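Student: Please work out how this folds:
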Amino acid sequence: MFTNAFFKNFDKFLTKPRHPKWQEVNLLAETPGWTRFPAAQKLVDEERKRKSDTDIQSAFGKFLAETASNSQSDPVDDEVRKQLFRQFLDWQKSKPGGG
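Tutor: Model prediction:
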């Protein structure tokens, strides 16, 4: 219960009157040689997945913006979406730091 409450309310530590050092805390950071409490690790994994999904959505939006001028119509059926997603993956790999 403490771990859930701490993670859920962590942003409150970032506001005044809390100490400014709380701004430097990264709950997702790894510390070599340390094992995270399993409940905390689960929350960290969920947050990383959420961030990854958000990053993918953002990248897909950039891909659509860059390729919109090449497209004659909106992708409406599953086959077109699959093809577009394959193109997106190739596009993402071609970007600096991509896949």
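
Student: going forward, measure contacts between C-alpha atoms and count neighbours the same way
Tutor: OK.

Student: Assign Leu28 to helix, strand or coil.
Tutor: coil (DSSP: H, G, I helix; E, B strand; the rest coil).

Student: One more: the one 5 residues further on?
Tutor: Three-state call for Gly33 (three-state DSSP): coil.

Student: And for it, the neighbour number?
Tutor: 6 (other C-alpha atoms under 10 Å).

Student: got it, and the one 3 residues further on?
Tutor: Arg36 has 12 neighbours, counted by other C-alpha under 10 Å.

Student: from here on, count from 54
Tutor: Sounds good: first residue 54 from here, last item Arg89.

Student: and it, helix, strand or coil?
Tutor: Judged by three-state DSSP, the three-state class of Arg89 is coil.

Student: Which stretches in the chain count as strands?
Tutor: For the chain, strands defined by DSSP state E do not occur.

Student: any low-confidence regions in it?
Tutor: Within the chain, the stretches with pLDDT under 70 are 121-131, 134, 150-152.

Student: what ranges do the helices span in it?
Tutor: With DSSP state H, the ranges of helices along the chain come out as 55-61, 91-120, 131-147.
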